[in-house]
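Undergrad: Below is the structure, and that's it, no one-letter string:
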């Protein structure tokens, strides 16, 4: 089995949970590594953070420039016209990482998927269709790209979902995040939603809230 290359950070020697965290368009797996110490997580939580690198592909909205991306984006309108087969392939690659953690002894119920921007769109597809119950999904400045085509699995019907969004985000605007929230509610999920006075970035208060949420999920 060939897996996505990843950066890894472990918070203790005794690992009993995992967070698979996807970066955004044009970034890489190093992007959120510096954030981990700032979460101030207790050592007894024992989390392995996994930061996969997206493959480099041409991106239409960036004039075909080749860059790390989970899928191609054809148009930046409200519907976010995307390459659906590519996002499905990325979701399958993330499911393979989940299965690898399970094979290493981490229960699926102790595995969180997190994603920023494009990465968040992938974790919605991967997490909601996964056939074993996961600990939670964390969407950061992101959107639900496959809400029209997704076929959710009943194993994650009750999965905790948290949407973090910037009120001044001009890349993934708040209406896109609110659309994700409403589409999830239509499907009987119960997402938490929190907004911050920020753009397409990570807010200091958001870091504290992420830490508290992870501790609540994985304690």
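TA: It's in. What you see is a predicted model; the values in this text were computed from it and never measured.

Undergrad: contacts, neighbours, all on C-alpha from now
TA: Will do.

Undergrad: show me what contacts the most centrally placed residue in the chain?
TA: Nearest to the centroid of the C-alpha atoms of the chain, with distances taken as CA atoms, centre = their mean, sits residue 115, at 2.2 Å. By CA atoms under 8 Å, 6 or more residues apart in numbering, the contact list for residue 115 reads 21, 22, 23, 24, 121, 122, 123, 138, 139, 140, 142.

Undergrad: just residue 74 next, same as before
TA: Per CA under 8 Å, 6+ apart, neighbours of residue 74: 59, 60, 61, 80, 81, 82, 83.

Undergrad: mind listing which of the contacts of residue 115 are in helices?
TA: Under the assignment DSSP state H, these contribute 121, 122, 123 to helices.

Undergrad: Compare these and tell me which is most surrounded.
TA: The most crowded member of the ones in helices among the contacts of residue 115, judged by other CA atoms under 10 Å, is residue 122 (32 neighbours).

Undergrad: now it: how far from residue 39?
TA: From residue 122 across to residue 39, the span is 23 Å (CA to CA, to the nearest Å).

Undergrad: same question, residue 56
TA: As judged by CA to CA, residue 56 and residue 39 stand 29 Å apart.

Undergrad: Please apply the same query to residue 13.
TA: Going from residue 13 to residue 39 by CA to CA gives 18 Å.

Undergrad: and these two? which has more neighbours close in?
TA: Taking neighbours as other CA under 10 Å, residue 13 and residue 39 compare with residue 39 leading, 16 against 11.

Undergrad: tell me the contacts of the nearest residue to that one once chain neighbours are set aside?
TA: Distances taken as CA to CA, 6 or more residues apart in numbering put residue 211 closest to residue 39, at 5.2 Å, once the chain neighbours are dropped. By CA under 8 Å, 6+ apart, the contact set of residue 211 is 39, 40, 41.

Undergrad: what about the nearest residue to residue 196 once chain neighbours are set aside, neighbour count?
TA: Distances taken as CA to CA, 6+ apart put residue 166 closest to residue 196, at 4.9 Å, once the chain neighbours are dropped. Neighbours of residue 166 under the rule other CA under 10 Å: 24.

Undergrad: Ok, residue 196 next?
TA: 16.

Undergrad: Check the contact between it and residue 207; I expect there is one.
TA: No: if you go by CA atoms under 8 Å, residue 196 and residue 207 don't touch, sitting 11.2 Å apart.

Undergrad: could you pull out the helices for this protein?
TA: Taking DSSP H as the criterion, the chain carries its helices at 84-103, 118-128, 174-186, 204-218.
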